[in-house]
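**Student:** Next input, structure requested:
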Amino acid sequence: MKILLVEDEEMLNGITAKYLRAENMTVDTCFNGQQAIDYVNTSSYDVIVMDIMMPVMNGLEAAHAIRMTNRKDSQTISIIAV
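**Tutor:** Numbering: from 1, shown residues only. Okay, the predicted model is just below:
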C-alpha cells in the first residue's frame, strides 16, 4: 500500500512514517497542503493521511483541490483527516 502522509509537525511526521513503514507500507511524506497537491499530481497513492491545520494550505483546502484534479482517481482516493 502506498500512502501519502501530510503532517507539518516534523516529529509527528517522522514517527507516523516510521510506524507505517514498519507495517510494510510505502510512505511519502510532506509538510503542507500545497506539497500534497504537488505529490498527488506526480504519483499515485492508495491513501492520503492528512493533518487539517497546516501552514501554506490547510488539509481541508488541499483535500478539496485534490478532489478537483483531472486524475481518474481524484474522487475515489481515500483521504483520512487527522
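**Student:** so where do the strands sit in this protein?
**Tutor:** For the chain, the strands defined by DSSP state E cover 2-6, 26-30, 47-50, 78-81.
**Student:** residue ranges of the helices in the protein, please?
**Tutor:** In the chain, helices defined by DSSP state H lie at 10-22, 33-42, 59-67, listed in chain order.
**Student:** Put together CSV for those helices, with distance to residue 78 and mean neighbour count on each row.
**Tutor:** Using the backbone N, CA and C atoms, a C-beta is placed for each residue, glycine as well. Formatted as CSV, the entries for the helices of the chain read as follows, by distance: least, C-beta to C-beta, whole Å; neighbours: other C-beta atoms under 10 Å:
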stretch, distance to residue 78, mean neighbour count
helix 10-22, 14, 13
helix 33-42, 12, 18
helix 59-67, 11, 19
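**Student:** coming back round to it: among the strands of the chain, which is nearest residue 13?
**Tutor:** strand 26-30 (5.4 Å; C-beta to C-beta).
**Student:** which helices and strands does the closest one pack with?
**Tutor:** The contact analysis (3 or more C-beta pairs under 8 Å, 6 or more residues apart in numbering; DSSP states H and E) places strand 26-30 against strand 2-6, helix 10-22, helix 33-42.
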